[in-house]
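K.L.:
the following block contains a protein sequence and its predicted model.
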Amino acid sequence: MKRFVVSDMDGTILRHQNKTITIDQITIDAINKISKDNNYNFSIATGRHYLDVMQMLNNHNIKLSNDAFIIGMNGCQIFSCKENKLIHSSTIENKDIGLIDEIGEYLYKNFKEVMLFGYGDPNTLFFIKNKKLNDEVLKKKVLEYEGENSVIKIEFYDDISHIKNAFKFCVSIATDTDIYEIVKYLEKKYPQFTFYKTGPRYMEILTKGVSKKNAISYINDKFLKNNPKDMVSLGDSGNDIEMLEYTGTSITRYDTDEKVKDVCNKVYEYVASEFVGRAIMDILERKI
């Protein structure tokens, strides 16, 4: 039985540096090495669209094994490399889309620098226009967020009413905002959604029950039959916490959120990207 090892992308495999995306060579080499090792199934669980992940891996000459999985949109998508297709997909129910508009109005009214956007099927990123920010400013922000080579198509809309088949919504907000407090408030008011802090100024909104952890559990029940205690996960933000708690070994970096470090049993003293390469080599050398 192969040991399942799963890693987040942003802030984990890749590092945002000087407005560019970097994957260190040590990490590229380590992922390619573990992907060729028949003792392991190395897969990815990310907030990105699975098509974006595939292009990013290709651009960095990273090749996953045939039996690997890409969990995209924080669990909304499960792509099988073996079947070369999505084997699971979930979107926010159309009846709940109006509530996102309500959440947006609350955020626009009470907080600074709010930007509301979402991801739709098949690979569209759509902005709900904030009159304080013009389209060019928004486009610049998304290119910084997604990367210049993203396959995501950008569209701008005046309102949310016509949007269908949305995987998730995201909120960008001023850096001095306590996002965990906003999450706590919104969770109580809108129990049909899950809210995650995903960075110093980002929050994500998904259908209740959708998560990286639940996607991994789905894959394990259907294909892997691993004991979760034998699994390894790597991550760095709030949307990784459930996944990190689910696996027996959980790894993060030293300079991330304290709430993430609190649930991990290994914290590496290396920056984003590099720590993944170091950790994978330790796994291959049976130190983990």
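P.N.:
Ah, there it is.
K.L.:
list the contacts of the most centrally placed residue in the chain.
P.N.:
By Cα atoms, centre = their mean, the chain has its centre lying nearest to residue 47, at 2.2 Å. By Cβ atoms under 8 Å, 6 or more residues apart in numbering, residue 47 lies in contact with 9, 10, 72, 73, 74, 168, 198, 204, 239. Glycine gets a C-beta too; all of them are placed from N, C-alpha and C.
K.L.:
mind checking the SS state of the last one?
P.N.:
Right, residue 239. helix (DSSP: H, G, I helix; E, B strand; the rest coil).
K.L.:
against which helices or strands is the lengthiest helix in the chain packed?
P.N.:
For the chain, the helix with the greatest residue count under DSSP state H is helix 97-110. Packing partners of helix 97-110 (3 or more Cβ pairs under 8 Å, 6 or more residues apart in numbering; DSSP states H and E): strand 115-120, strand 166-172.
K.L.:
for those strands, which one sits closest to residue 95?
P.N.:
strand 166-172 (12.2 Å; Cβ to Cβ).
K.L.:
quick one: residues in contact with that closest one.
P.N.:
47, 49, 73-74, 76-77, 90-92, 97, 100, 104, 107, 113-121, 141, 145, 198, 201-206, 210.
K.L.:
next SSE downstream of that strand?
P.N.:
helix 179-189 (DSSP states H and E).
K.L.:
from the middle of its chain, how far away would that following helix be?
P.N.:
19 Å (Cα atoms, centre = their mean, to the nearest Å).
K.L.:
helix, strand or coil: sort out the residue nearest to the centre of the chain for me.
P.N.:
coil.
K.L.:
confidence score at it?
P.N.:
pLDDT for residue 47: 92.
K.L.:
distance-wise, check it relative to residue 76.
P.N.:
Separation of residue 47 from residue 76 (Cβ to Cβ, to the nearest Å): 9 Å.
K.L.:
wait, residue 177 sits on residue 110?
P.N.:
No - using Cβ atoms under 8 Å, residue 177 is not in contact with residue 110; the gap is 9.7 Å.
K.L.:
of these two, who's got more company?
P.N.:
Set residue 177 next to residue 110 and count neighbours by other Cβ atoms under 10 Å: residue 177 wins out with 19 against 11.
K.L.:
follow-up on the earlier one: by neighbours, which of the contacts of residue 47 wins?
P.N.:
Going by other Cβ under 10 Å, residue 239 tops the contacts of residue 47 with 30 neighbours.
K.L.:
how near is that residue to residue 73?
P.N.:
Residue 239 is 10 Å from residue 73, by Cβ to Cβ.
K.L.:
which parts of the stretch 151-288 of the chain are strands?
P.N.:
153-157, 166-172, 193-199, 202-207, 232-234, 249-253, 266-268 (DSSP state E, counting those that start in this stretch).
K.L.:
ok, of those, where does mean pLDDT dip lowest?
P.N.:
strand 153-157 (a mean of 70).
K.L.:
what sits against residue 260?
P.N.:
Listed by Cβ under 8 Å, 6+ apart, the contact set of residue 260 reads 235, 236, 237, 238, 240, 241, 244, 252.
K.L.:
count of neighbours near the closest residue to the fourth one other than its chain neighbours?
P.N.:
Spatially, and ignoring its direct neighbours in sequence, residue 238 is nearest to residue 197 (3.8 Å; Cβ to Cβ, 6 or more residues apart in numbering). For residue 197, the number of neighbouring residues by other Cβ under 10 Å comes to 22.
K.L.:
thought residue 197 was touching residue 178?
P.N.:
No - counting by Cβ under 8 Å, residue 197 does not reach residue 178; the two are 9.5 Å apart.
K.L.:
list the contacts of residue 211.
P.N.:
Here residue 211 is in contact with 74, 75, 194, 239, 242, 243 (criterion: Cβ under 8 Å, 6+ apart).
K.L.:
that one and residue 226: what is the separation?
P.N.:
18 Å.
K.L.:
buried among the contacts of strand 166-172? Make that a ChimeraX selection.
P.N.:
This is how ChimeraX selects the buried members of those, with burial counted by 16 or more other Cβ atoms under 10 Å:
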select :47,49,73,74,76,77,90,91,92,97,100,104,107,114,115,116,117,118,119,120,121,141,145,198,201,202,203,204,205,206,210
